[in-house]
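sequence first, then the predicted structure:
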Amino acid sequence: MSAQTPPHIPPHAPTRTPRRRTLRRSAGLTAVIAAALTGGLLAVPQSASAAGTRIHDIQGTTRLSPFAGKQVADVPGTVTAVRAFGSARGFWVQDPRPDRDPATSEAVFVLTGKQTPKAAVGDSVRVSGTVGEYYPGGERAGLQSVTEITDAAWTVVSSGNPLPAAFKLTPSSVPDRYAPSAGGKSIENLPLRPNAYALDRYESLEGMRVSLTDASVVGPTNTHHELWATAEPRHNRTVRGGALYGSYRDPNSGRVKITSLIPFDRRPFPVADTGDLLTGTTAGPLDYDNFGGYGIAATELGTLTDRGPARETTREQRADELAVATYNVENLSPRTPPAKFARLAEALVKNLASPDIVALEEVQDDNGTTDDGTVSANATLKQLTDAVKEAGGPSYAWRQIDPVNNQDGGQPGGNIRTAFLYNPARVAFTDIAGGDATTPVKVTGSHGRPRLTASPGRIDPGNAAWANSRKPLVGQFSFQGRPVFVVANHFTSRGGDQGLDSRFQPPARTSETQRVQQAEAVHAFVEDVLTVDPKADVVVAGDLNDYQFSPALKALTKDGVLTDLVDRLPRGERYGYVYQGNSQVLDHMLTSRHLRRVDYDIVHINAEYADQSSDHDPQVLRLKR
């Protein structure tokens, strides 16, 4: 969802600005009263020596300033950039006379809040104020802090001075190792080792001018006028120019977010896709926020060069092949603009070649996020299937189960769920009465002929593993006389996990616990089917919100019951989602162990592009009969 633009942000500014808390540490009467009310001791700020205090002294050799909470006076530096919009206005000042310690940053942000600073790039200034540590998103968010000077006053000594040279971010200057380990605890007080760890390198450059030359775009421009580029374009490169996230050990150190300090009426922000290039120099202060971590607040932007590949199209299934697809359609409801329905339909018909069965995720009810108890999704699915027919596709039928109101997570009131589309001209659905939101589907049958107690049905919906999450939908289909069992999934989100750039290293992934439990429930259901018929055709598909190397996927594939097809692709093609410049796997298609003649394709039409009909790429497999 796009954030609303606050009224104080001019049209040329980014539409999302992190809120900052101005750190006021006045020793006046108000602070005395506050300390008394809380029963704490009042720490009256100390004034740093006016003579000789420089920015590298303020920044220090760890992530926390040794001057935090202290007042400083007449700190010299040159203004290198100004943020003149949003609620976190201010300017960056950098010392043109650096020390010789690579761990100490030579720049600092001077916060003026909602007041546009009366400072100009090239001004030589002396700044006085209070040093503080600002945590983007709040201290509980777990991210790193930004050292800044608040309650500031400054004098301009001279104007028109040259700016310090930008530090070049290159494969040789950014270490491959991402972060030091502290056993899950904070790394704030560890001495910075910028030659050993990427996060330490970036922290040692906090606020300083940095640059990328011919920057490779690894994350497309979003609605907030942000994109991601990399200082290491050859590291874990995907076949289409992205940065592959292939293990927890390597989150691609070279990724940095690019925003712009240039007014958009002077220089529109580039609308870039993954694989494109910002030719020339992109430079500005190294910033940090809770919407992507470290990045360049650009005062100079390279020229966009279109080098990204075209959207993909998969081949059509043959007469003896069953084509099954999965597609997260991202909060689809009748309130979705008709243009999105048309684009989704075109993708199903042209890019996916009209699959026989489609497992859909993020289908909302008939009035979207209006929270009035509506749970039916018939209008949503009719609008989509009508659009498919208009695009020249088959007359899809659908099957789904309405959830209990507001019990399956997603946007409040949206009653998100999974659903099946299927082409009756190619495949039959085996309807078995009894499926509803709360009744678990069971496997019956004998002598190699499994049968469901309900089709469609839901897997173990009363299990706590599915609390505030979508319940898996099971359908029994028949293709050329043989039953096929398909499970449509949308596992719980990764919300609440600590970010890759967290100050806690390694970051905690608390949401994994629930997804592992969900995977175990689906695994148990598949085992029940295979107990009756070890050669049953079972497809488990959907948005599992986890990686192929994650504990959840290990639980799903335990004992070889299921095969995750993404592992059969060449390494550089194992992705269908792009987040903060990392091309990664969240959607999966898995098959029962005996299905060996499977053709599998992740069809790249969304995730790498600024213009998306969904934030996920669809996937398709073809089973050979």
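Perfect, I can see it now.

from memory residue 168 sits against residue 209, does it?
No: if you go by C-beta atoms under 8 Å, residue 168 and residue 209 don't touch, sitting 10.3 Å apart. Bear in mind the C-beta positions are built from the backbone N, C-alpha and C, glycine included.

out of these two, which sits in the busier spot?
Remark: of residue 168 and residue 209, residue 209 carries more neighbours, 24 against 15, as counted by other C-beta atoms under 10 Å.

from residue 91, how far out is that one?
Per C-beta to C-beta, to the nearest Å, residue 209 is found 13 Å from residue 91.

what's the next secondary structure element after the top helix by length along the chain?
What stands out as the longest helix in the chain, according to DSSP state H, is helix 512-532. Downstream of helix 512-532, the next assigned helix or strand under DSSP states H and E is strand 537-543.

which secondary element of the chain has the worst mean pLDDT?
Least confident element among the helices and strands of the chain, by mean pLDDT, DSSP states H and E: helix 29-38 (a mean of 32).

now for the nearest residue to residue 508 once chain neighbours are set aside: which residues touch it?
Once flanking residues are discounted, residue 508 sits nearest to residue 498: 4.9 Å by C-beta to C-beta, 6 or more residues apart in numbering. Listed by C-beta atoms under 8 Å, 6 or more residues apart in numbering, the contact partners of residue 498 are 142, 504, 507, 508, 509.

please redo it, this time with the cut-off set to 10 Å
Contact analysis of residue 498 by C-beta atoms under 10 Å, 6 or more residues apart in numbering lists 141, 142, 143, 184, 504, 505, 506, 507, 508, 509, 510.

phi and psi next, for it.
The phi and psi values for residue 498, taken as degrees, to the nearest 10, are phi -80, psi 140.

what does the one 4 residues further on give?
Backbone geometry at residue 502, expressed as degrees, to the nearest 10, gives phi -60, psi 160.

determine the three-state secondary structure at residue 572.
helix (DSSP: H, G, I helix; E, B strand; the rest coil).

excluding its backbone neighbours, what's nearest it?
Nearest to residue 572 is residue 239, by C-beta to C-beta, 6+ apart, at 4.2 Å.

measure the one you found to residue 73 for me?
56 Å.

am I right that residue 216 is in contact with residue 236?
No: using C-beta atoms under 10 Å, residue 216 is not in contact with residue 236, being 11.9 Å away.

hey, what's in contact with both of the two?
230, 242, 243, 254.

was I right about the second one contacting residue 608?
Yes: with contact defined as C-beta under 10 Å, residue 242 counts as touching residue 608 (6.4 Å).

with adjacent residues omitted, what lies nearest to residue 519?
Per C-beta to C-beta, 6+ apart, closest to residue 519 is residue 555, 3.9 Å.

which of the three states applies to the one you found?
Using three-state DSSP as the criterion, the local structure at residue 555 reads helix.

output the below-cut-off pLDDT ranges for the stretch 101-250 of the chain.
Within the stretch 101-250 of the chain, no range satisfies pLDDT under 70.

kindly apply the preceding question to the chain instead.
For the chain (pLDDT under 70), the answer is 1-51, 625.

give the residues shared as contacts by residue 168 and residue 209.
Common neighbours of residue 168 and residue 209 (C-beta under 10 Å, 6+ apart) are residue 283.

coming back round to it: between residue 242 and residue 608, which contacts overlap?
217, 218, 219, 220, 273, 274, 275, 308, 575, 578, 583.

check contacts around the residue located most distally from the centre of the chain.
Residue farthest from the centre of the chain, counting by C-alpha atoms, centre = their mean, is residue 447 at 46.8 Å. By C-beta under 10 Å, 6+ apart, the contact set of residue 447 is 532, 533.

and for the one 10 residues further on?
By C-beta under 10 Å, 6+ apart, the residues touching residue 457 are 401, 432, 434-436, 439-443, 471-476, 525.

burial of the residue nearest to residue 572, as a residue count?
Count around residue 239 with other C-beta under 10 Å applied: 17.

quick check: it touching residue 570?
Yes: with contact defined as C-beta under 10 Å, residue 239 counts as touching residue 570 (7.2 Å).

show me the helices in this structure, by range?
Going by DSSP H, the chain shows helices at 29-38, 55-59, 198-204, 338-346, 378-390, 512-532, 551-556.

from the contact counts, what lies against the last one?
By that I understand helix 551-556. The contact analysis (3 or more C-beta pairs under 10 Å, 6 or more residues apart in numbering; DSSP states H and E) places helix 551-556 against helix 512-532, strand 562-564, strand 587-592.

any buried residues in that helix, and which?
552, 553, 555, 556 (16 or more other C-beta atoms under 10 Å).

tabulate these (TSV), appending distance to residue 623.
Shown next, in TSV, are these (distance: C-beta to C-beta, whole Å):
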residue	distance to residue 623
552	24
553	21
555	24
556	19
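
how about residue 276, nearest residue that isn't a chain neighbour?
Residue 276 sits nearest to residue 217 (C-beta to C-beta, 6+ apart), 4.4 Å away.

for that neighbour, list each beta-bridge partner.
Per DSSP bridges, the residues bridged to residue 217 are residue 229.

dump the residue contacts of it.
With C-beta under 10 Å, 6+ apart, residue 217 has these contacts: 227-230, 233, 241-242, 258, 270, 272-278, 302, 304-305, 307-308, 581, 608, 610.
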